[in-house]
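Participant: have a look at this prediction, sequence included:
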Amino acid sequence: MDNMVVFLKDHPKMRFMWCEIAFFELWWSAQNDSTKTLVKKFVSTGQLEIASGSWVMTDEATPFFPSTVDNIIEGQQFIYNELGKSFSRHGFLDFLV
(Lines give C-alpha, C1' and ligand atoms only; values in the text may rest on other atoms or scores of the structure.)
Protein backbone atom coordinates (compact mmCIF):
# COMPACT_ATOMS: atom_id res chain seq x y z
CA MET A 1 0.00 0.00 0.00
CA ASP A 2 2.92 2.35 0.60
CA ASN A 3 3.92 1.96 -3.04
CA MET A 4 0.33 2.61 -4.11
CA VAL A 5 0.30 5.97 -2.32
CA VAL A 6 3.58 7.05 -3.92
CA PHE A 7 2.49 5.86 -7.37
CA LEU A 8 -0.95 7.49 -7.29
CA LYS A 9 0.55 10.73 -6.02
CA ASP A 10 3.03 10.77 -8.91
CA HIS A 11 0.50 9.56 -11.53
CA PRO A 12 -2.85 11.34 -10.98
CA LYS A 13 -4.45 9.74 -14.06
CA MET A 14 -3.84 6.21 -12.78
CA ARG A 15 -6.26 4.22 -10.62
CA PHE A 16 -5.88 1.45 -8.06
CA MET A 17 -8.47 -1.05 -6.81
CA TRP A 18 -8.49 -2.72 -3.39
CA CYS A 19 -10.86 -5.36 -1.99
CA GLU A 20 -10.21 -6.79 1.47
CA ILE A 21 -10.59 -4.20 4.19
CA ALA A 22 -8.96 -6.34 6.91
CA PHE A 23 -5.56 -5.93 5.25
CA PHE A 24 -6.25 -2.27 4.43
CA GLU A 25 -7.04 -1.60 8.11
CA LEU A 26 -3.72 -3.13 9.21
CA TRP A 27 -1.89 -0.76 6.88
CA TRP A 28 -4.17 2.21 7.65
CA SER A 29 -3.66 1.99 11.42
CA ALA A 30 0.11 2.52 10.97
CA GLN A 31 -0.22 5.64 8.76
CA ASN A 32 0.27 9.26 9.77
CA ASP A 33 -2.36 11.96 9.26
CA SER A 34 -0.86 13.32 6.05
CA THR A 35 -0.92 9.88 4.40
CA LYS A 36 -4.49 9.29 5.58
CA THR A 37 -5.54 12.66 4.14
CA LEU A 38 -3.92 11.80 0.82
CA VAL A 39 -5.64 8.38 0.70
CA LYS A 40 -9.00 10.00 1.48
CA LYS A 41 -8.39 12.32 -1.48
CA PHE A 42 -7.65 9.33 -3.71
CA VAL A 43 -10.93 7.73 -2.63
CA SER A 44 -12.96 10.90 -3.18
CA THR A 45 -11.51 11.47 -6.67
CA GLY A 46 -11.87 7.82 -7.68
CA GLN A 47 -8.16 7.21 -7.97
CA LEU A 48 -8.45 4.58 -5.24
CA GLU A 49 -11.50 2.38 -5.68
CA ILE A 50 -12.69 0.13 -2.87
CA ALA A 51 -14.26 -2.91 -4.54
CA SER A 52 -16.81 -4.85 -2.48
CA GLY A 53 -15.68 -3.33 0.81
CA SER A 54 -16.01 -6.64 2.65
CA TRP A 55 -13.79 -7.24 5.66
CA VAL A 56 -12.54 -10.40 3.93
CA MET A 57 -13.62 -12.18 0.76
CA THR A 58 -15.88 -15.13 1.44
CA ASP A 59 -15.54 -18.48 -0.27
CA GLU A 60 -18.04 -18.18 -3.11
CA ALA A 61 -18.52 -21.95 -3.31
CA THR A 62 -19.81 -22.42 0.24
CA PRO A 63 -20.50 -19.10 1.97
CA PHE A 64 -22.55 -19.08 5.15
CA PHE A 65 -25.01 -16.24 4.57
CA PRO A 66 -24.83 -14.56 8.02
CA SER A 67 -21.01 -14.58 7.89
CA THR A 68 -21.07 -13.05 4.43
CA VAL A 69 -23.39 -10.27 5.59
CA ASP A 70 -21.23 -9.66 8.69
CA ASN A 71 -18.14 -9.33 6.47
CA ILE A 72 -19.91 -6.78 4.28
CA ILE A 73 -21.20 -4.77 7.24
CA GLU A 74 -17.90 -4.75 9.14
CA GLY A 75 -15.87 -3.71 6.12
CA GLN A 76 -18.27 -1.02 5.02
CA GLN A 77 -18.57 0.40 8.55
CA PHE A 78 -14.80 0.79 8.62
CA ILE A 79 -14.83 2.51 5.22
CA TYR A 80 -17.59 4.89 6.32
CA ASN A 81 -15.98 5.69 9.69
CA GLU A 82 -12.44 6.12 8.40
CA LEU A 83 -12.84 7.29 4.80
CA GLY A 84 -16.28 8.91 4.91
CA LYS A 85 -17.45 6.80 1.97
CA SER A 86 -20.68 4.80 1.82
CA PHE A 87 -21.89 2.36 -0.80
CA SER A 88 -25.23 2.29 -2.59
CA ARG A 89 -24.70 -1.31 -3.71
CA HIS A 90 -22.37 -4.19 -3.04
CA GLY A 91 -20.80 -6.17 -5.84
CA PHE A 92 -19.30 -9.62 -6.06
CA LEU A 93 -17.54 -11.12 -9.03
CA ASP A 94 -20.67 -13.11 -9.85
CA PHE A 95 -23.56 -10.79 -9.02
CA LEU A 96 -24.70 -7.55 -7.40
CA VAL A 97 -26.71 -7.44 -4.18
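Facilitator: Here it is on my side, so go on.
Participant: buried stuff in the longest helix anywhere in the chain?
Facilitator: In the chain, with assignment by DSSP state H, the single longest helix is helix 65-83. Neighbour-count burial for helix 65-83 flags 68, 71, 72, 74, 75, 76, 78, 79, 82, 83 (criterion: 16 or more other Cβ atoms under 10 Å). To be clear about C-beta, it is placed using only N, CA and C from the backbone, and glycine gets the same treatment.
Participant: how about the last one, what does it touch?
Facilitator: Translated: residue 83. 39, 40, 43, 50 (Cβ atoms under 8 Å, 6 or more residues apart in numbering).
Participant: hmm, 6 Å instead?
Facilitator: 40, 43 (Cβ atoms under 6 Å, 6 or more residues apart in numbering).
Participant: give me the pLDDT value at it.
Facilitator: Note for residue 83: predicted pLDDT of 91.
Participant: numbering from 35 from now on, please.
Facilitator: All set: I'll call the first residue 35, so the last point we hit is now residue 117.
Participant: about what we covered before: and which of the buried residues of helix 99-117 is nearest residue 62?
Facilitator: residue 116 (6.5 Å; Cβ to Cβ).
Participant: and the residue minimising distance to the centre of the chain, bridged to which residues?
Facilitator: In the chain, the centroid-proximal residue (Cα atoms, centre = their mean) is residue 84; its distance is 3.6 Å. Counting by DSSP bridges, residue 84 is bridged to residue 52.
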